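# return a 3D structure for these sequence lines:
(one chain, ligands or ions: 2)
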Amino acid sequence: MKNFMVAPSILSTDFAHLGKTLETINRSEADWLHVDVMDGMFVPNISFGTPVLEAIEKHSKKPVELHLMIVEPERYLEVFSKYGVEQITVHAEACLHLHSVVQQIKSLGCKAGVALNPHTSLGSLEYVIKDLDTVCLMAVNPGFGGQGFIPQTLEKTKELKQFIQRKDAKAFIEVDGGVNRNNVKKILNSGADAVVAGSSIFNSDDPLRAIQELKNP
Ligand SMILES: O=C(CO)[C@@H](O)[C@H](O)COP(=O)(O)O
Ligand SMILES: [Fe+2]
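Ligands and ions are numbered 1, 2, ... in the order given. Have a look, this model is predicted:
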């Protein structure tokens, strides 16, 4: 099995015990910590903002990737970049000026990711792909943890892999949503370099083991 990254999403954790969750992730084989910020506008759900990011910065030893599910993310890039985040991922659908937003993220010293909703075609990446560190393919409609994996994501992942090669670009392919120990191999075999998983980790009895199982499918 090729080398790939696992990023636990804390959205499904019990926030009364966030410290314990972060300790578990610190001890685990996870490569990244995936943090979902939602505004109740781009997606129907509201998650959390800077107070939680501050706690994460203090207690996480893993690199943090921020997945911004917010409209006009450029309003918050500077403030969020101050919390020691390694990568900021914005939604193509949420940006009027995607190229400019990607440049802003990079100018703040962060890696740049772009996420695509399940229905969004790869064409929207045509002229930014070479500037991206990551393309995040949503395998669920964004807004909630615990949804089922949309199977068309596998075909989309293969197409994205070819698209990246054709463009001579370097972006990582990340698949976010509905990932579990039963489908992770298929996802990786279709070309993904990283998976994000929330409920399959934090709704299990043993999150540490669940991460290990994802990492060693
Ligand atoms: O961005 C999102 C959802 O909008 C994801 O990162 C979820 O948090 C993943 O959770 P599961 O689908 O694995 O439960
Ligand atoms: Fe996410």
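
# only C-alpha atoms for contact and neighbour calcs from this point on.
Noted.

# please enumerate the strands of this structure.
In the chain, the strands defined using DSSP state E lie at 5-8, 33-38, 64-69, 87-91, 111-116, 134-138, 172-176, 194-197.

# so which of these comes closest to Ser81?
In terms of Cα to Cα, the element of these nearest to Ser81 is strand 87-91, at 7.9 Å.

# mind putting the strands of the chain into a markdown table with mean neighbour count and distance to ligand 1?
Listed next are those as a markdown table, based on neighbours: other Cα atoms under 10 Å; distance: least, Cα to the nearest ligand atom, whole Å:
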| stretch | mean neighbour count | distance to ligand 1 |
| --- | --- | --- |
| strand 5-8 | 24 | 8 |
| strand 33-38 | 23 | 6 |
| strand 64-69 | 24 | 7 |
| strand 87-91 | 25 | 10 |
| strand 111-116 | 25 | 9 |
| strand 134-138 | 25 | 7 |
| strand 172-176 | 26 | 5 |
| strand 194-197 | 26 | 4 |
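
# give me the neighbour count for the closest residue in space to Leu214 that isn't next to it in sequence.
Of all residues not flanking Leu214 in the chain, Arg181 sits nearest, at 5.5 Å (Cα to Cα, 6 or more residues apart in numbering). Residues near Arg181, counting by other Cα atoms under 10 Å, number 17.

# swap in Leu98?
Based on other Cα under 10 Å, the number of other residues close to Leu98 is 21.

# next one: Asp133
21.

# ok, it touching Lys106?
No: using Cα atoms under 8 Å, Asp133 is not in contact with Lys106; the gap is 9.9 Å.

# contact residues of the protein facing ligand 1?
9, 11, 36, 142-147, 176-179, 197-200 (Cα under 6 Å from any ligand atom).

# only C-alpha atoms, please: export stretch 89-103 in PDB.
Extracted in PDB, the C-alpha atoms of stretch 89-103 (Å, rounded to 0.1, in the frame of the first residue of the first chain):
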ATOM      1  CA  THR A  89      -8.800  24.800   2.400                       C
ATOM      2  CA  VAL A  90     -11.600  26.900   0.900                       C
ATOM      3  CA  HIS A  91     -14.500  25.900  -1.200                       C
ATOM      4  CA  ALA A  92     -14.400  26.800  -4.900                       C
ATOM      5  CA  GLU A  93     -18.200  27.300  -4.700                       C
ATOM      6  CA  ALA A  94     -17.700  29.900  -1.900                       C
ATOM      7  CA  CYS A  95     -15.200  32.100  -3.700                       C
ATOM      8  CA  LEU A  96     -16.000  34.700  -6.300                       C
ATOM      9  CA  HIS A  97     -12.300  35.200  -6.900                       C
ATOM     10  CA  LEU A  98     -10.800  31.800  -6.300                       C
ATOM     11  CA  HIS A  99      -7.400  32.600  -7.800                       C
ATOM     12  CA  SER A 100      -7.000  35.600  -5.600                       C
ATOM     13  CA  VAL A 101      -8.100  33.700  -2.400                       C
ATOM     14  CA  VAL A 102      -5.500  31.000  -3.100                       C
ATOM     15  CA  GLN A 103      -2.800  33.600  -3.500                       C
END
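
# what residues does it touch?
For stretch 89-103, the surrounding residues in contact (Cα atoms under 8 Å, 6 or more residues apart in numbering) are 42, 65-74, 112-117, 120, 124, 127-128, 131-132, 134, 136.

# run the last query once more with 6 Å
Leu66, His67, Leu68, Val71, Glu72, Ala112, Gly113, Val114, Ala115 (Cα atoms under 6 Å, 6 or more residues apart in numbering).
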